[in-house]
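J.: Fold the following for me, if possible:
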Amino acid sequence: MDYFQRLFRSRPWQKLIPDFEHSVITGGFGTWGLKDYVTAAITSDGNSIIAYLPSKRTVIADLTKLEGKNAKCWWYNPSTGTAINTGIFQTSGSQSFTPPGEGDWVLVIDNASANLPEPGRLK
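T.: Numbering: from 1, shown residues only. Alright, predicted model coming up:
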């Protein structure tokens, strides 16, 4: 739980709005009520998307929901507290993401111009 706490302290967690309508994570989210369901949220200012994947699978994120022209994307391992930068993508469409390994992962997508720290790290 310490690593989850670090993750949420590195982002404005109080601004998170749940993605109940699947407008942010548009594919690969699983079935509500089952243990493999992807839980996602976006901040009210459009600077961050956070999606928890309880198992390895490909998800599709609609990057047009973010502010800015580019999205900086990360995989955060809640078991170790490490973050892996997966690159910068234009916010002009959707993008597929697959975790780098088995187990649970957190996809963190940020407005690149917001200059947020690596997930799990404080400025």
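J.: Of all the residues in stretch 6-25, which ones are buried?
T.: For stretch 6-25, a neighbour-count test (16 or more other CB atoms under 10 Å) marks 6-8, 10-11, 16, 19, 24-25 as buried. For every residue, glycine as well, the C-beta is placed using N, CA and C.
J.: contacting residues around stretch 10-23?
T.: Stretch 10-23 is contacted from outside by 25, 29, 39-45, 47-48, 50-51, 62, 65, 108, 116-122, using CB atoms under 8 Å, 6 or more residues apart in numbering.
J.: Same question for stretch 72-82.
T.: Here stretch 72-82 has contacts from 2-4, 6-7, 52, 83-89, 95, 97, 99-101, 103-112, 116, 118-120, using CB under 8 Å, 6+ apart.
J.: just stretch 24-36 next, same as before
T.: With contact meaning CB under 8 Å, 6+ apart, stretch 24-36 is reached by 19, 22, 37-38, 40-42, 49, 51, 54-55, 57-62, 65, 94, 96.
J.: for Tyr3, helix, strand, or coil?
T.: At Tyr3 the chain is in helix, as set by DSSP: H, G, I helix; E, B strand; the rest coil.
J.: residues touching it, list them.
T.: Contacts of Tyr3 (CB under 8 Å, 6+ apart): 77-81, 120.
J.: most neighbours, which of these?
T.: Within the contacts of Tyr3, most neighbours by other CB atoms under 10 Å means Gly120, with 25 neighbours.
J.: sec struct for that residue, please.
T.: Gly120 ends up coil, using three-state DSSP.
J.: hang on, the earlier thing: which of the contacts of stretch 24-36 are buried? Put it as a ChimeraX command.
T.: In ChimeraX, this line selects whichever of the contacts of stretch 24-36 come out buried by 16+ other CB under 10 Å:
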select :19,38,40,41,42,49,51,57,59,60,61,62,65
